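Q: Have a look at this prediction, sequence included:
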Amino acid sequence: MSRPRPAWLDPLLDRLGAASAEDFSRIPVPPSGGRESAVLVLLGEEPDAGPDVLVLQRSATLRNHAGQPAFPGGAADPGDADATATALREANEEVGLDPDSVTVLAHLPKLWIPVSDFMVTPVLGWWHRPHPVHAREPAEVAHVVRLPVAELVDPANRLRVRLRNGWIGPAFAARGMLVWGFTAGVLSAVLEMGGWARPWSDSRVVDLPPTVATPALSAGTDPADESADGADALADR
């Protein structure tokens, strides 16, 4: 059964009306160029856990981005009408998401990923009819999980990571998953704009480990026998 859009989304949507790329990333967006891409920032709600966000991990066997969590998404296909079409198509291909279960709320500002030259549009969606999802292509996606907002904003789960090149950025530790890079940057901004963020100390900085832990299971995600170490789609952001 479809759920009406909850009131807790209103502050976020109000803030997004005046948001710019600088609110989500320190990397300036070039006026042109880059491969068009989109990711789905899908917010849902569980009765006992409150709001959550859908995140996947790429397979540990991938050549690029192994072990890095991500939003569902990827590069645009020629047949995609817009960023919404790209994000929903990719989410269906990756985790079996039913596009009709999602109400698209907004397109976030377009962001640039220099290392891959992707021009990414995050598409914000409300999961009005949640259903089980799973890794449809285990060679690419190892695990799918709904991360509760309450856990993401817990100060004990907030930290920053340092990459080998010296870059330091926000990160989240939740359900055995370390979320960093582009995904963590977008999540951090969304949580702030939604009014959910809590004060936390940014003095906790850790070097990014070569591998990450297998995520714990969460309601509406893939079964235990499909769990594995995983990764992010579009970044070393």
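A: Received the coordinates, thanks.
Q: Pro51 belongs to a helix, doesn't it?
A: No. Counting by DSSP: H, G, I helix; E, B strand; the rest coil, Pro51 is not part of a helix but strand.
Q: That one and Leu42 touch, don't they?
A: No. The criterion here is Cβ atoms under 8 Å, and Pro51 misses it with Leu42 at 11.0 Å. To be clear about C-beta, it is placed using only N, CA and C from the backbone, and glycine gets the same treatment.
Q: So which of the two has more stuff around it?
A: More neighbours surround Leu42 than the other of Pro51 and Leu42, with 27 against 21 (other Cβ atoms under 10 Å).
Q: can you tell me which helix or strand that one belongs to?
A: strand 35-46 (DSSP states H and E).
Q: same check, this time on Pro199
A: Using DSSP H and E, no helix or strand contains Pro199.
Q: Could I get the contacting residues of it?
A: Pro199 makes contacts with Pro155, as judged by Cβ atoms under 8 Å, 6 or more residues apart in numbering.
Q: how close does it get to Ala21?
A: 25 Å (Cβ to Cβ, to the nearest Å).
Q: still on that earlier bit, other SSEs contacting the strand holding Leu42?
A: Helices and strands touching strand 35-46, by 3 or more Cβ pairs under 8 Å, 6 or more residues apart in numbering; DSSP states H and E, are strand 50-58, strand 73-75, helix 83-95, strand 118-127, strand 141-148, helix 181-193.
Q: With respect to Glu36, which of these lies nearest?
A: Taking Cβ to Cβ as the criterion, Glu36 comes closest to strand 118-127 out of those, the separation being 5.6 Å.
Q: Now do the closest one: distance to the chain's middle.
A: 9 Å (Cα atoms, centre = their mean, to the nearest Å).
Q: Could I get the average pLDDT for it?
A: Computed over strand 118-127, the mean pLDDT rounds to 96.
Q: Adjacent strands (with direction) for it?
A: Applying DSSP bridges, strand 118-127 is found paired with strand 35-46 (parallel), strand 102-107 (antiparallel), strand 111-113 (antiparallel).
Q: Quick one: residues contacting Arg15.
A: Arg15 touches 193-194, counting by Cβ under 8 Å, 6+ apart.
Q: So it, which state does it fall into?
A: Under three-state DSSP, Arg15 comes out as helix.
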